[in-house]
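here you go, sequence then predicted model.
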Amino acid sequence: MVARSFPMDYLLTQRKFTGISLPPSQNPAKGYIRHDFFTPPDVFQDFPCSCGFPHRFMASAKYFEINKNSDITMYPGVEENKDGPWQQNRGDEVELGEKASVETKQLNRDDTIGNSDVKLEVAEDPRINIMVHGSDFKDTAGRTVLLRGINVAGTSKLPINSPNTHTLEGFHDNTRDVSFVGRPFPLSEAPQHFRRLRCWGFNYIRLVITWEAVEHAGPGIYDRKYLEYLTKLVRIAKDFGINVYVDPHQDVWSRFTGGCGAPAWTLDLVGFDISALSTVGAAVTMQEYNPSSAHFPLMLWPTNNFKHACATMFTLFWSGNDFAPNLRVGDSAYRIIKKHNPSSLDNKNTKKFKKNSKKDSDPSENPPKNSKTVTETVTETVSSPPVIESQPLLEGKRGGGGERGTEKGGGRKKGLKSAKVQDFLQNCYISAMRQVALALKDEENVLGFGTMNEPHHGYHGLADLNQVYGTLKKGVYPTPFQSFALAEGHPIRVREFIPGCCAYVCGYATSSMVLNPGRRRGWMKGRKCVWRMHGVWDITGGDIPVLKKPGYFNNGKDWSKAYFLPFAKKYSHMLHKINPQWHVYLELPPAGVAPEVKFPKLLKSYGIRNAVNATHWYDGFSLFSATPRIQFNIDVETKLPKFGAAAVQSMFNGQVESIKNEGLVHFEGGAPCVIGEFGIPFNGVRKNFGEVNDSMYANHTKLLDMNFKAMEVNKVHYALWNYTPNNNTKYGDQWNFEDLSVYSLSHKVREHEVEPPVVELKEIYKSKLQGTYKPSDQKAARSSLLYNGGRTLDAVCRPFARATAGSILKSRYDMARRRYILSFKRNPAITYPTEVFVPLWAFPLGFTVSVNDGEFTVSNCKDNFVIISYTTPAKTSIFQLTVEKI
């Protein structure tokens, strides 16, 4: 075969290579290029590769030479280099000898090849703006980046044709015929919202999407219009310098179990009757709350994590292969899994798949032609759309639907292919997120994807199904066993726990009530309870429920290691086949919700590259009491009280530090920490609907500032929850009475919906180490659309170092004194300046900049903020920059 030559510039644009490994004493350079794990070697398509495609078990290598002109020549075979430490393995696969150097040096486009006694690593041509580097984020200039973000938006949990949770009409109708196009806001309004967020100092958004938004019409049927909308939205964000972290959001599984996330057909799949879930106590939804949605208690929705529908679905999703091995989905499910992820099939079916592997290519590489609209199936092997009602599944039938087999017949037709429910659910979820990834693969401001928002372990680990469980006991609260019996049509008297914040701390039951007096079943006609099917419980001849296996779900396995980790590997491999630079934001249950669940040890060999610790943190006592708790608070983990603002601040700092340290300990090589959610409740001003002013938010501003301080003290990245464009103080974020948005329509003033004046920044005084600046017309600027609708802006609009030429030692803002301090240790290899964002909202009368060495410049004012560029000399290693009010 003939060798193939490339200019070095071309090689550096091929992100397929993790490194060029050069043996010593070779000049011009010779060596081997090694592909990355699971990365398709597109550049080698003219060459046979004996390790196969894709590379599943080992890295392959190709021999190369670099000449004095920095051109690279690729060879299809391997020649043994007797002078170097290289050893030939077989064919074109090689491995390093024991003497190979482990040192690395960055090779950039302008570098030349000199002596080659080092192992050089090719710098990937950046496809994203910010990359993971150990426990930091770095930009393309090598500077340390702080990601200061916000979640957009609370209403993205809901489709536009079911826009809130306080309206029952249409809730159960047309569960598949919904649309999320326009969530978080219409494209026509996007520039104004992103402009506002940029003015407030956010360089990063956690973009909330849901599984339902992508795949609401049925398994394998994707909403292409929504994917097109997301792509356009992300491009508008880029125009305003805003990076994006895609958040596949869920809360307590689904809208139909009191939250958001999974499509309705997932509940249909296992046999739940979604119209009966509230009646039988399997879920509590605001839409169906008795006597009305207006009486729905604040923060009641999280209790659904411990109720039958949500807990069952999460158990099946994460650990269904262990706990529900007899629950299998039928022909349509098998064919979709076969198309999207054959590795999840059982051995018998896998052999059949491999036989036809050439025919069924990976849809992520070659999307089928018939996947253009939500009304067409994405898989060519299914002759008709895989709609749950019309395809054979497990057993029984719904209404007048087609035959699905019967309980007596064993639930499956003879010869019917099937797949385990865990494999089916996970692969549908991952395939849906793959569609989003493919839509956004070329957008450089998309930094990565989350695995799943606040996952829950379901019933796993419960020692006794006859006991209530969970950290939040509030409202009517059946035990798991009582839930099973209720859903099979048995009236049960259950305990009702104290309302209000005390439920979170104390968990006392004060009364009881009978649920399901009408004996309605929570399962479809002809379907049996999943856990009764597996012998966990049964009904005796006297129609009495009997618990047979109280410890059925307590199998002794570590949930995060046994169940979450394999999913995270599969999910990250899917992402990195599309873009190997993407961050993978790993989430477990938020701090305080499931304290027993910790990150497993994440070794680099697992292949979860660019991992980020994205755990959430909230001031739980303030959140669940819907009141700012500044002088008195309670540690929700230890249940110990804290007196005084200083003690409360110290508690906040320590809790965030624990989250950060968990990532440092459990992620091999360290990982950046992004607090994916934190925020404060604004519910206390709901009674003043229509009469809102800044003075009502004085305590909220103080509490939010304390939250921000906890982030800054620990030098973590974060995404505030949240920005909801149609928030109001009556219904909050339009979802379960949550009200955490720092933007509210109730806080808008019609006269302020105008363009801000052009603000001139006047230099009052300037020396080498100090300067004083005064902006013009700040009163008019504050009364413009940039700030109209904003709440607690004194806390929100804060200076921060958006890019630092070294390691950050301190980056803190004192809201009371209006003073910001940045100190850092300079990296002499970085030639670009340090950049500090300064919002003029924080300094309406002007500000002074001072440095201990070096030079700085202040940019012209743009949308009421400025950027300080700080250039530091090589002679000093520690630098400090201070910005404070005049």
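Nice, thanks for sending it over. Numbers count the residues shown, from 1 in each chain.

so where's the stretch 101-250 of the chain shaky on pLDDT?
Along the stretch 101-250 of the chain, segments meeting pLDDT under 70 span 101-126.

what are the ranges of the helices in it?
With DSSP state H, counting those that start in this stretch as the criterion, the stretch 101-250 of the chain has helices at 190-199, 211-215, 224-239.

tell me which element the closest residue to residue 834 other than its chain neighbours is part of?
Using C-beta to C-beta, 6 or more residues apart in numbering and skipping residues adjacent in sequence, the residue nearest residue 834 is residue 870, 4.3 Å away. C-beta: built from backbone N, CA, C; applies to glycine. Secondary structure assigned from DSSP states H and E places residue 870 in strand 865-871.

for residue 703, same thing?
helix 698-713.

mind listing what's buried along that helix?
Within helix 698-713, the residues that count as buried by 16 or more other C-beta atoms under 10 Å are 699-713.

okay, the helices of the stretch 101-250 of the chain in a markdown table with distance to residue 450 and mean neighbour count next?
Below are those laid out as a markdown table (distance: least, C-beta to C-beta, whole Å; neighbours: other C-beta atoms under 10 Å):
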| stretch | distance to residue 450 | mean neighbour count |
| --- | --- | --- |
| helix 190-199 | 19 | 20 |
| helix 211-215 | 12 | 27 |
| helix 224-239 | 15 | 18 |
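
can you tell me which of those helices comes nearest to residue 885?
Closest approach to residue 885 among the helices of the stretch 101-250 of the chain (C-beta to C-beta): helix 190-199, 18.8 Å.

hmm, who's touching the closest one?
The contact list for helix 190-199 (C-beta atoms under 8 Å, 6 or more residues apart in numbering) reads 150, 152, 184-185, 205, 233, 236-237, 239-242, 723, 725, 743, 785-787, 790, 839, 863-865.

report the angle between it and helix 224-239.
40 degrees (axes from the mean of the first three to the mean of the last three C-alpha atoms, to 10 degrees).

got the angle for helix 190-199 vs strand 865-871?
Using the same axes, to 10 degrees: helix 190-199 against strand 865-871 is 50 degrees.

export helix 190-199 to CSV, keeping only CA atoms.
Taking C-alpha atoms only, helix 190-199 is exported to CSV below (Å, rounded to 0.1, in the frame of the first residue of the first chain):
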residue,chain,number,x,y,z
ALA,A,190,-34.0,35.2,22.8
PRO,A,191,-31.7,38.1,22.0
GLN,A,192,-33.3,40.3,24.7
HIS,A,193,-33.0,37.6,27.4
PHE,A,194,-29.4,36.7,26.6
ARG,A,195,-28.5,40.3,26.4
ARG,A,196,-29.9,40.8,29.9
LEU,A,197,-28.1,37.7,31.3
ARG,A,198,-24.8,38.9,29.8
CYS,A,199,-25.3,42.3,31.5
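
pull the contacting residues for the residue nearest to residue 305 when sequence neighbours are not counted.
Nearest in space to residue 305, with sequence neighbours left out and distances taken as C-beta to C-beta, 6+ apart, is residue 456 at 5.0 Å. When contacts are counted by C-beta under 8 Å, 6+ apart, residue 456 touches 252-253, 305, 310-311, 314, 589, 594.

before we move on, the earlier item: what pairs with the residue nearest to residue 834 across the strands?
Per DSSP bridges, the residues bridged to residue 870 are residue 834, residue 856.

okay, now it: neighbour count?
22 (other C-beta atoms under 10 Å).

residue 826 is in contact with that one, correct?
No: assessed by C-beta atoms under 8 Å, residue 870 is found out of contact with residue 826, at 10.3 Å.

between these two, which contacts overlap?
residue 879.

next secondary structure after the helix holding residue 703?
Following helix 698-713 in sequence, per DSSP H and E, is strand 717-723.

quick one: average pLDDT of the helix or strand following that following strand?
Next helix or strand after strand 717-723 toward the C-terminus (DSSP H and E): strand 761-766. In this model, strand 761-766 has a mean pLDDT of 91.

next SSE downstream of strand 761-766?
strand 770-775.

now for that following strand, which elements pack on it?
Here strand 770-775 touches strand 761-766, strand 847-851, strand 855-858, going by 3 or more C-beta pairs under 8 Å, 6 or more residues apart in numbering; DSSP states H and E.

ok, residues contacting the longest one?
Spelled out, it's strand 761-766. By C-beta under 8 Å, 6+ apart, strand 761-766 touches 771-776, 846, 858, 860-861, 866.

ok, now the last one?
For strand 855-858, the surrounding residues in contact (C-beta under 8 Å, 6+ apart) are 761, 763, 768, 771, 773, 838, 849, 866-871, 881.

and which of those residues is nearest to residue 802?
residue 867 (7.8 Å).

that closest one: how many residues sit nearby?
Neighbours of residue 867 using other C-beta under 10 Å come to 17.
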